[in-house]
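> Okay, predicted coordinates and the sequence, questions at the end:
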Amino acid sequence: MADNYVVPIAKAIRELDNYKYPLEKYMGFGWDGLRAYGYNGYWDNGVFKNLNKSLDSDYYKNQVEVLTNTEFNNDCED
């Protein structure tokens with residue numbers, strides 16, 4: 001699922017952000033779309049990666065870092 005859904009979304013957002021961060025920082029954006037279907041995490045090399053959006057999760061911290069520092073569309077008035 002990650003190869004077909006999450007990674008392409010993460011790559012697209014990373015490209016829009018001019019490759020400012022490693023791909024891992026953008027992976028949460030792709031996983032966001034799966035949370036509505038009951039996915040709350042995934043296994044990565046035997047380690048469970050939690051996708052919960054609590055303030056102390058790496059997932060949340062990475063998204064905040066990207067969104068806070070992006071220059072994409074900062075001049076949008078809408």
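Happy to help now that I have it. Numbers count the residues shown, from 1 in each chain.

> Which helix or strand contains the residue minimising distance to the centre of the chain?
Centroid-nearest residue in the chain: residue 28, 2.3 Å away (criterion: Cα atoms, centre = their mean). Using DSSP states H and E, residue 28 sits in helix 27-35.

> can you pull the contacts of residue 58?
Residues in contact with residue 58, defined by Cβ atoms under 8 Å, 6 or more residues apart in numbering, are residue 49. Backbone N, C-alpha and C define where each C-beta goes, glycine included.

> again, only using 7 Å
By Cβ atoms under 7 Å, 6 or more residues apart in numbering, the contact list for residue 58 is empty.

> for residue 20, helix, strand, or coil?
Secondary structure assignment for residue 20 (DSSP: H, G, I helix; E, B strand; the rest coil): coil.

> ok, now which ones touch it?
Contact analysis of residue 20 by Cβ under 7 Å, 6+ apart lists residue 69.

> Tell me the strands beside the helix or strand of the chain with the lowest mean pLDDT, with direction?
Across the helices and strands of the chain, mean confidence by mean pLDDT, DSSP states H and E is lowest for strand 41-44: a mean of 77. Strand 41-44 pairs in its sheet with strand 47-50 (antiparallel), by DSSP bridges.

> Give me the distance from the partner strand to the chain's centre.
How far strand 47-50 lies from its chain's middle: 14 Å, per Cα atoms, centre = their mean, to the nearest Å.

> again with stretch 38-49
14 Å.

> ok, residues contacting that stretch?
For stretch 38-49, the external contacting residues (Cβ under 7 Å, 6+ apart) are 2, 31, 50-52.

> and those residues as a markdown table, adding neighbour count?
Below are the contacts of stretch 38-49 laid out as a markdown table (neighbours: other Cβ atoms under 10 Å):
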| residue | neighbour count |
| --- | --- |
| 2 | 14 |
| 31 | 22 |
| 50 | 13 |
| 51 | 19 |
| 52 | 11 |
